[in-house]
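**Student:** My questions are about this predicted structure, shown below with the sequence.
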Amino acid sequence: MPFPGVWMTQSNSMIYRVVPKCACSTIGQIMYHSDHGRFFDGDIHDAKDGLHKWALEDSQPVISAAVPAQQIYTFTAVRNPWSRVLSSFFDKIAGIQRNGKRYRGNLVPMLTQRYGVEVEGDFDQIQSFRRFLMFVRDTIRFRKPMDPDIHWSACSGHVSTLIRNGGRYDLIFPTEKFNEGMSDVLKHVSVPHAIDLEAMPRFNESAGHGPKQAHPIEDYFDDLSIFMMHDIYRRDFNLFKYSKNPNRNPPVKEMDLDEIHAKLGK
């Protein structure tokens, strides 16, 4: 059974399902530090050793055995759809990636030509984002002009793969309450090296890739874009208890793990 996006410490202390744009770089570094007493020097997504990752062939048998056994503490983190899709826009569309190029080669020129998205110079962030959101809707709803990218496909889709293949989460926490959630994880596991969550750095690997967000989150969403958000991220809003109002970022209620497993396991 495949377990895409699953990372696991080499000490077998914890299993994490990566959800893009949901503090995955910081969580990966915490896992790495918990085993080795130091942070990985570079982007944790580039690490080829020190962590078991499904993308590494040698790690796949270990992960395939560990996840369905449900003996190792398993968790993930999610994020409200409003700031997550905005972050995808500023990082992946408006930004230059760490290789010095635009994300996915010809994606931005295609968005400019077909959707009128502008990302050069002093562009209108609100207008370009709303046009980008129409593209996001097309990829998720109609899989055109391409399949949805992992950075803006729904959190629930990422979370579901582990459940459908026999795994179970002990905790799903919102990134808006990161220290609280990660502290809960660390209380339930035994690690070789302790870590101070308050003192450690945050590893935002997308920071500096693109222009700074110039307006409050709610300014980017008009009635049409709010309607589209409710449509394409309905499961995320409902399962992870996020507000359908763009100026309310943390969940408005506690998540129900049993409900999440029941609805995403189908």
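**Tutor:** Happy to help now that I have it. This is a predicted model, so every value here is computed, not measured.
**Student:** where does this protein have low pLDDT?
**Tutor:** 205-209 (pLDDT under 70).
**Student:** which stretches of it form helices?
**Tutor:** Assigned by DSSP state H, the chain shows helices spanning 24-36, 60-69, 81-88, 107-115, 125-142, 155-164, 178-187, 223-232, 234-239, 257-264.
**Student:** Please give the centre-to-centre distance between the shortest one and its chain.
**Tutor:** The offset between the C-alpha centroid of helix 234-239 and the centroid of the whole chain comes to 15 Å, using C-alpha atoms, centre = their mean, to the nearest Å.
**Student:** any idea how far Y103 is from I72?
**Tutor:** Separation of Y103 from I72 (C-beta to C-beta, to the nearest Å): 34 Å. Just so you know, the C-beta spots here come from the backbone N, C-alpha and C atoms, and that holds for glycine as well.
**Student:** hmm, back to that, as JSON lines, the helices of the chain with mean neighbour count and distance to P211 would be great.
**Tutor:** Shown next, in JSON lines, are the helices of the chain (neighbours: other C-beta atoms under 10 Å; distance: least, C-beta to C-beta, whole Å):
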{"stretch": "helix 24-36", "mean neighbour count": "22", "distance to P211": "20"}
{"stretch": "helix 60-69", "mean neighbour count": "16", "distance to P211": "38"}
{"stretch": "helix 81-88", "mean neighbour count": "22", "distance to P211": "12"}
{"stretch": "helix 107-115", "mean neighbour count": "15", "distance to P211": "13"}
{"stretch": "helix 125-142", "mean neighbour count": "19", "distance to P211": "7"}
{"stretch": "helix 155-164", "mean neighbour count": "20", "distance to P211": "25"}
{"stretch": "helix 178-187", "mean neighbour count": "16", "distance to P211": "24"}
{"stretch": "helix 223-232", "mean neighbour count": "15", "distance to P211": "19"}
{"stretch": "helix 234-239", "mean neighbour count": "18", "distance to P211": "26"}
{"stretch": "helix 257-264", "mean neighbour count": "14", "distance to P211": "35"}
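**Student:** Turn those into a markdown table, including distance to A194.
**Tutor:** Listed next are the helices of the chain as a markdown table, based on distance: least, C-beta to C-beta, whole Å:
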| stretch | distance to A194 |
| --- | --- |
| helix 24-36 | 8 |
| helix 60-69 | 23 |
| helix 81-88 | 30 |
| helix 107-115 | 42 |
| helix 125-142 | 40 |
| helix 155-164 | 27 |
| helix 178-187 | 8 |
| helix 223-232 | 40 |
| helix 234-239 | 32 |
| helix 257-264 | 26 |
